[in-house]
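**Student:** My questions concern the predicted model and sequence given below.
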Amino acid sequence: MLTVGVDLAAEPEGTALARIEWRDGRAVVLDVTRGADDAAVLAALTEADKAGVDCPLGWPDEFLRFVTAHQAGAVPLPPGGPAPGWRRALALRVTDRVVREQTGVTPLSVSADRIGYVAMRCAVLLAELGRQGRPVARDGTGPVAEIYPAASLKVWGLPHRGYKRPADPAALERLMDQLTAQTPFLQQGSFSGLCRRSHDAADALIAALAARAAARGLTLRPRDSAEQALARTEGWVAIPLPGTRLSDLP
């Protein structure tokens with residue numbers, strides 16, 4: 001099996017790819033690259049048996065309804081005005097709230113944070129992937145799953161905060177030390193150095209590991225029909241099941 005991890009950014013600069021081959025209880029990092037343009041991302045997604053993309057695959061349904069109503073000049077207001085916290089449903093998808101409930105980590109808002117720029121690029125890439133014959137199910141049941149590296153790290157018992165701060169480069173080293181210690185089955189080869197220098201590369205590697213978890217059924221799925229319906233339009237973050245470990249992946 002080949003898994004691919006994509007740490008997607010709005011532009012090729014900052015976009016990283018990682019490919020891992022899984023065979024006979026072992027895993028080999030085939031490559032980790034930075035500066036991936038659209039063609040490189042599409043080629044990697046096409047090749048993968050399962051890909052993990054660190055980017056929202058959709059927007060909150062409530063946000064889309066709100067914007068559509070606003071365009072028509074017909075935003076509905078409840079009697080007495082908006083209730084406290086009314087914007088939360090516009091800012092966070094159901095899957096974002098589930099991630100927060102399960103891990104205590106809150107994803108960036110695709111409708112209210114700069115991650116929206118990345119999601120625009122992602123939407124175009126996934127549309128092109130579909131035109132090439134690999135349609136993407138936003139709920140993660142197809143060839144692509146949405147990944148949130150911080151949540152995966154949290155479940156796996158690894159440092160999930162602070163490793164991207166330029167003022168503390170040692171934090172990324174500490175993360176990679178612990179990840180390496182927990183993955184004796186993973187042959188990182190010469191790519192270990194890049195993941196220790198670049199958090200983009202590290203996130204791509206983590207996304208490729210999380211894609212393996214998704215492929216093996218070791219990630220949280222929608223818990224009822226309502227969540228399943230929303231996952232198909234808003235997207236669904238594939239976070240590792242509580243209690244699972246990196247050692248469960250081979």
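**Tutor:** All right, it came through fine. Only a predicted model underlies this, so the values are computations on that prediction, with no experimental measurement involved.
**Student:** Quick one: distance of stretch 166-182 to the chain centre.
**Tutor:** Remark: stretch 166-182 is offset 20 Å from the chain centroid, using Cα atoms, centre = their mean, to the nearest Å.
**Student:** my bad, should have said stretch 192-199
**Tutor:** Distance of stretch 192-199 from its chain centroid, counting by Cα atoms, centre = their mean, is 19 Å.
**Student:** ok, residues contacting it?
**Tutor:** Here stretch 192-199 makes contact (Cβ atoms under 8 Å, 6 or more residues apart in numbering) with 16, 32, 34, 163-164, 172-173, 176, 180, 188, 201-202, 205. The C-beta positions use only the backbone N, C-alpha and C, and glycine is treated the same way.
**Student:** Buried members of those into PyMOL, please.
**Tutor:** Selection of buried members from these for PyMOL, criterion 16 or more other Cβ atoms under 10 Å:
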select buried, resi 16+32+34+163+164+172+176+188+201+202+205
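**Student:** Tabulate the contacts of stretch 192-199 in JSON lines, adding columns for secondary structure, pLDDT and distance to Arg212.
**Tutor:** Output for these, formatted as JSON lines (DSSP: H, G, I helix; E, B strand; the rest coil; pLDDT from 0 to 100; distance: Cβ to Cβ, whole Å):
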{"residue": "Ala16", "secondary structure": "strand", "pLDDT": "98", "distance to Arg212": "17"}
{"residue": "Val32", "secondary structure": "strand", "pLDDT": "98", "distance to Arg212": "15"}
{"residue": "Arg34", "secondary structure": "strand", "pLDDT": "98", "distance to Arg212": "21"}
{"residue": "Tyr163", "secondary structure": "coil", "pLDDT": "96", "distance to Arg212": "21"}
{"residue": "Lys164", "secondary structure": "coil", "pLDDT": "95", "distance to Arg212": "23"}
{"residue": "Leu172", "secondary structure": "helix", "pLDDT": "97", "distance to Arg212": "22"}
{"residue": "Glu173", "secondary structure": "helix", "pLDDT": "96", "distance to Arg212": "24"}
{"residue": "Met176", "secondary structure": "helix", "pLDDT": "98", "distance to Arg212": "18"}
{"residue": "Thr180", "secondary structure": "helix", "pLDDT": "98", "distance to Arg212": "16"}
{"residue": "Gln188", "secondary structure": "coil", "pLDDT": "97", "distance to Arg212": "15"}
{"residue": "Ala201", "secondary structure": "helix", "pLDDT": "98", "distance to Arg212": "17"}
{"residue": "Ala202", "secondary structure": "helix", "pLDDT": "98", "distance to Arg212": "16"}
{"residue": "Leu205", "secondary structure": "helix", "pLDDT": "98", "distance to Arg212": "11"}
